[in-house]
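In: Following is a predicted model, sequence given first.
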Amino acid sequence: MSTRIAFLKGHGTENDFVIVPDPENAIDLPPAAVAALCDRRAGIGGDGLLHVVRSAAHPEAKELAAEAEWFMDYRNSDGSIAEMCGNGVRVFARYLQRAGHVAEGDIAVATRGGVKTVHLAKDGDVTVGMGRARLPEGDVTVSVGERSWPARNVNMGNPHAVAFVDDLADAGDLLSPPPFSPATAYPDGVNVEFVIDRGPRHVAMRVHERGSGETRSCGTGACAVAVATARRDGAEPAVTGTPATYTVDVPGGRLVITERPDGEIEMTGPAVIVAEGEIDAEWLAGVVG
């Protein structure tokens, strides 16, 4: 392992990430190292880690190299691997721009959830093409304490359970994963969103992210919430022929989600790089060892 490991810190609507640039995939980042880096007291702190690798250099992304030069090797804060992170993609793109790898306009980013198209706007906002939502059939229920709610099963490349509640406080502390049933609905766990209405085409949410606990924002979760709300409202774009745009307030800010009649979903929001520095490689090796 190199004795000098560069890192940056960034966030998208306060969903924050440790960014580790590693174009040639030369840095070993086992789960223990990721968890240590994301630790808010003993490490740098973050909801997750963005490992920045050229697609051609990563075994999971080689086949995508012709479509996207860069691969977002995303890890949850506990070190587990995740398919996709919407806020993370925006911050990932902002880093690529800062590093001079890309310019304003459209770029492609490879993820475990497929290749995502990202637009870096002049005004600072970043729009991500999040692909299409899948809505698996079957009833799902989520619980907090002794209360339970029906939830909409929405897959955005990662699994979500969206529950509409009367008050966001109904979600409890969200430190532990809210129980769900049936267990077969989400064999690998699930991100759970609790949602209230704020106005026409305007909702607010809290989320428990699988592997990270409650976070200040979740991009794929906001997309899942918009899709579930549109279905509840009878505003399915594929049926109406009209795009459905929802404003989704998260604890860390605001995202705007549009589902088009062809099913493609776009998410727009901020992405900020706040710091950069070097990781003490000796410390990291000691944590892993």
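Out: Structure's in. What do you need? Residues are numbered from 1 along each chain as shown.
In: From now on I want contacts and neighbour counts done on CA atoms only, so please keep to that.
Out: OK.
In: ok, and what's touching stretch 244-262?
Out: With contacts defined as Cα atoms under 8 Å, 6 or more residues apart in numbering, stretch 244-262 is touched by 13-15, 201-206, 216-219, 222-223, 225-227, 230, 235-243, 265-269.
In: Show the end-to-end separation of it, please.
Out: For stretch 244-262, the separation between the terminal residues is 11 Å (Cα to Cα, to the nearest Å).
In: Give the buried residues for it.
Out: 244-252, 254-261 (16 or more other Cα atoms under 10 Å).
In: what sits against the most centrally placed residue in the chain?
Out: Most central in the chain under Cα atoms, centre = their mean is residue 85, positioned 2.3 Å from the mean C-alpha point. Residue 85 sits next to 74, 218-220 when contact means Cα under 8 Å, 6+ apart.
In: swap the cut-off to 10 Å and go again
Out: Residue 85 makes contact with 15, 48, 50, 72, 74-76, 91, 111-113, 130, 156-158, 218-221, according to Cα atoms under 10 Å, 6 or more residues apart in numbering.
In: List the ones among those residues that fall in helices.
Out: 91, 219-221 (DSSP state H).
In: In TSV: those residues, plus pLDDT and distance to residue 212.
Out: TSV is the format used below for these (pLDDT from 0 to 100; distance: Cα to Cα, whole Å):
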residue	pLDDT	distance to residue 212
91	97	18
219	93	14
220	92	14
221	96	13
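In: Quick check: of the residues you listed, which has the highest neighbour count?
Out: In terms of neighbours by other Cα atoms under 10 Å, the ones in helices among the contacts of residue 85 top out with residue 221 at 32 neighbours.
In: does that one really touch residue 214, like I thought?
Out: No - counting by Cα atoms under 10 Å, residue 221 does not reach residue 214; the two are 11.9 Å apart.
In: Overlap in contacts, those two.
Out: By Cα under 10 Å, 6+ apart, the residues touching both residue 221 and residue 214 are 191-193, 206-208.
In: What is the nearest of those to residue 177?
Out: Comparing those against residue 177 with Cα to Cα places residue 208 closest, at 6.6 Å.
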